[in-house]
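> Dropping the sequence and predicted coords here.
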Amino acid sequence: HRGVAGRGNYSGGRNTMATAAAAEGMNTTTTTNANGEGGSKQENGQAQGEVEGKLNSVRKRVDAAAGECGDGGSGNPPRLVAVSKTKPLEMLLEAYRAGHRCFGENYVQEILEKAPQMPDDVEWHFIGHLQSNKAKVLLEGVPNLSMLETVDSVKLADRLNRLCTEMGRTLNILVQVNTSGEESKHGVQPQDSLSLAQHVTTSCPSLRFSGFMTIGMPDFTSRPENFQSLAECRQKAARELGVPEDQLELSMGMSGDFEQAIAMGSTNIRVGSTIFGARTYKK
């Protein structure tokens, strides 16, 4: 099945030297505390080094959770997608300097603004809802888009395939599944996930079907059936498509529940606020 992507290290980034000037050019201000001690802060008020410390803490938790999987999992840490939604570029650059390369965004406009200012070896994941009419600007604006995790319709898959074919590129995609049944969330129903996966593998040669993604419920630390539902989608797809189950991804788990997701087989976690702090929205 030429449309099914195997697991492993894939990179949508161009193999060029990182933009050193961008990675070094962090805007800071000097502050003085009550004792007259100076300190350096980013423009958003967060002390330099805090992002790196939080990132390293998450990495340790990921490694520990993967190590505890035992026979129930591969024992290999999942991919960590650092989601910088609403956060300034300076915070991404700090994570980059700490060695992180995989970043995710929820909004087209935000990734279009940040991607050109980040080094070329970044692997970008788009994890928000994508309207078909914004697919072209996303693909053109982010040539190192490594994965689109939210394909939820034949219409979107066909649009992406046509654009990728015209651009002479391939794109890793995940089928988004609404495992919680909430009307506010996007994604196909679990029972419809196989048909969309089959469509991508048979009719979209410029797309690589890489697995499934879900958001789940806000409190699904106590609702593991959301994770189990996604795992069952993968089991069924692997069987029907004739591919090893471990070649298909499970993108599940966020800041509040990524350790449980890892225990249940996640290969791709999306962590934002635990690394970058609470999101801030313009009023």
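Perfect, thanks for sending it. Numbering: from 1, shown residues only.

> From Asp158, how far out is Leu241?
19 Å (CB to CB, to the nearest Å). For the C-beta atoms, the positions are set from N, CA and C on the backbone; glycine is no exception.

> Now do the helices in the stretch 151-283 of the chain.
Taking DSSP state H, counting those that start in this stretch as the test, the helices found in the stretch 151-283 of the chain are 154-167, 193-203, 225-241, 258-263, 273-276.

> May I have the second one as CSV, with CA atoms only?
Output of helix 193-203 as CSV, limited to C-alpha atoms (Å, rounded to 0.1, in the frame of the first residue of the first chain):
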residue,chain,number,x,y,z
SER,A,193,-12.2,6.1,10.5
LEU,A,194,-11.3,3.0,8.4
SER,A,195,-13.1,4.3,5.3
LEU,A,196,-11.3,7.6,5.3
ALA,A,197,-8.0,5.8,5.9
GLN,A,198,-8.7,3.5,3.0
HIS,A,199,-9.5,6.5,0.8
VAL,A,200,-6.2,8.1,1.6
THR,A,201,-4.2,5.0,0.9
THR,A,202,-6.0,4.1,-2.4
SER,A,203,-6.8,7.5,-3.9
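
> Just want the angle from that helix to helix 154-167.
30 degrees (axes from the mean of the first three to the mean of the last three CA atoms, to 10 degrees).

> So for helix 193-203, what gets flagged as buried?
193-194, 196-201 (16 or more other CB atoms under 10 Å).

> how about the strands of this protein, start to end?
Ranges of strands in the chain, per DSSP state E, are 28-32, 38-42, 79-83, 102-105, 123-126, 145-151, 171-176, 207-213, 249-251, 268-271.

> Now Ala238: closest residue in space that isn't a chain neighbour?
Sequence neighbours aside, Glu245 is the residue nearest to Ala238 in space, at 4.1 Å (criterion: CB to CB, 6 or more residues apart in numbering).

> So that neighbour sits against Gln235, correct?
Yes - at 6.2 Å, Glu245 counts as touching Gln235 under the criterion of CB atoms under 8 Å.

> of the two, who's got more company?
Regarding Glu245 and Gln235, a neighbour count based on other CB atoms under 10 Å identifies Glu245 as having more, with 15 against 12.

> neighbours of Gln191, just the number please.
Residues lying near Gln191 (other CB under 10 Å) number 10.

> any idea how far Leu248 is from it?
18 Å.

> Poorly predicted segments of the stretch 151-283 of the chain, please.
216-223, 281-283 (pLDDT under 70).

> Now with 50, please.
Residue ranges of the stretch 151-283 of the chain with pLDDT under 50: 220, 222.

> Output the strands of the chain as CSV; include the columns distance to Glu259 and mean neighbour count.
Below are the strands of the chain laid out as CSV (distance: least, CB to CB, whole Å; neighbours: other CB atoms under 10 Å):
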stretch, distance to Glu259, mean neighbour count
strand 28-32, 33, 10
strand 38-42, 28, 14
strand 79-83, 12, 23
strand 102-105, 18, 23
strand 123-126, 20, 24
strand 145-151, 20, 25
strand 171-176, 21, 26
strand 207-213, 18, 26
strand 249-251, 14, 26
strand 268-271, 9, 24
